[in-house]
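Engineer: would you be able to build a 3D model of this:
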Amino acid sequence: MRALAFFLLLASLSSCQGESFLYIGEQDENNKLAYWFQRLEKTNLSDTAFPVRKKIAGYYQSLEAWDQIIYFFGSYVSENPSDPYNALYLFYVAEAYLEKSQRDMANLYYRRILGDYRDLYTPESIHFLCLKRLVEYETDPYLRLSFFKALISRFQDKIDLG
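Structural biologist: Just a heads-up that it's a prediction; the model follows:
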């Protein structure tokens, strides 16, 4: 009976959020995720939903659920293009691709963040983190050099030029 109640809770939450794919792992993790998805459903404003989405990202990262991060945040950004926190959400997507050893996809997202979104400090600059990753992982030497120059010009005080 308890398993049936848990399944019904997950089914109702997943229908609200789109996919049961977002629930993973053991029952305890799914209960925590279900709680945060419920909280997310009750928030309307970007500022109040932001800490809830950040908490969900933390759970997924701790479980190494990279596909769920990609799906959850990628679909959210495409459905909500004006959310002021989209740079961070896409950074989560890029980092998930990096964790899956898909550097080319990660680099696409890092470049997209730099080109399409204003910088966001949470507490570190998202643009700074993207440029650092691009300098490290970009394979095209000309692009890599341009990212390094951007890093120096924008964040000279945060890097060691030696």
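
Engineer: going forward, measure contacts and count neighbours with C-alpha atoms only.
Structural biologist: Noted.

Engineer: mind checking how far Tyr60 is from Arg111?
Structural biologist: Tyr60 sits 23 Å away from Arg111 when distances are taken as C-alpha to C-alpha, to the nearest Å.

Engineer: the more surrounded of those two?
Structural biologist: Neighbour count, other C-alpha atoms under 10 Å: between Tyr60 and Arg111, Tyr60 has more, with 22 against 18.

Engineer: doesn't Ile69 make contact with that one?
Structural biologist: Yes. With contacts counted by C-alpha atoms under 8 Å, Tyr60 reaches Ile69, the gap being 6.5 Å.

Engineer: what's the least confident helix or strand in the chain, going by average pLDDT?
Structural biologist: Using mean pLDDT, DSSP states H and E, helix 2-17 stands out as the lowest-scoring helix or strand of the chain, at a mean of 39.

Engineer: buried set for whatever helix or strand Leu143 lives in?
Structural biologist: When elements are assigned from DSSP states H and E, Leu143 belongs to helix 141-155. Along helix 141-155, these residues count as buried under the neighbour rule (16 or more other C-alpha atoms under 10 Å): Arg144, Phe147, Phe148, Ala150, Leu151, Ile152.

Engineer: ok, back up a step: which residues do Tyr60 and Ile69 both contact?
Structural biologist: Here Tyr60 and Ile69 share no contacting residue, scored by C-alpha atoms under 8 Å, 6 or more residues apart in numbering.

Engineer: ok, Phe115 - how many residues close by?
Structural biologist: No, residue 115 isn't Phe; it's Gly. Using other C-alpha under 10 Å, Gly115 has 10 other residues around it.

Engineer: let me fix that: Asp119
Structural biologist: Close neighbours of Asp119, defined as other C-alpha under 10 Å, add up to 17.

Engineer: do Tyr121 as well
Structural biologist: Neighbours of Tyr121 under the rule other C-alpha under 10 Å: 12.

Engineer: how close does the nearest residue to Ala106 once chain neighbours are set aside sit to Val135?
Structural biologist: Sequence neighbours aside, Ala94 is the residue nearest to Ala106 in space, at 4.3 Å (criterion: C-alpha to C-alpha, 6 or more residues apart in numbering). Taking C-alpha to C-alpha as the criterion, Ala94 is separated from Val135 by 14 Å.
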